[in-house]
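Novice: I'd like to go over a predicted model; first the sequence, then the structure.
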Amino acid sequence: MDSSSDPVLQLGAYEPSEARRLVECLEQHGIPFELESDPSPPLLPHPSPALTLGTSPDDSKVVVFVTANDLPAAQRLESGLFSR
């Protein structure tokens, strides 16, 4: 993503499985993005069963960023994917 021309804004924070679906959709529509994982350590002092079994803990999130110009289109795609 070319960060010199357009500011990068947070689209949202998602469960890893939701982030995967959103990223695939953004790629299909040619919308550039950046990802950041939640760096905070787990709240429990011992590894949770989810971490031990290789799944994502409940509070694990992936933050997705897009440029300001792409934000409206990305929000429409997000709404279509996660409308309930």
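Specialist: Yep, that arrived.
Novice: from here on, just use CA atoms for contacts and neighbour counts.
Specialist: Noted.
Novice: quick one: low-confidence parts of the chain?
Specialist: Across the chain, the ranges flagged by pLDDT under 70 are 1-4, 38-59, 84.
Novice: try 80 this time
Specialist: 1-5, 38-60, 84 (pLDDT under 80).
Novice: what number of residues lie near Asp70?
Specialist: Number of residues near Asp70 (other Cα atoms under 10 Å) recorded here: 19.
Novice: sec struct for the closest residue to it other than its chain neighbours, please.
Specialist: Using Cα to Cα, 6 or more residues apart in numbering and skipping residues adjacent in sequence, the residue nearest Asp70 is Ile31, 6.6 Å away. Assigned by DSSP: H, G, I helix; E, B strand; the rest coil, the conformation of Ile31 is coil.
Novice: quick check: Ile31 touching Gln75?
Specialist: No: Ile31 is beyond contact range of Gln75, at 11.2 Å (criterion: Cα atoms under 8 Å).
Novice: more neighbours: those two, which one.
Specialist: Comparing Ile31 with Gln75 by other Cα under 10 Å, the one with more neighbours is Ile31, at 17 against 14.
Novice: what sits against that one?
Specialist: 66, 70, 74 (Cα atoms under 8 Å, 6 or more residues apart in numbering).
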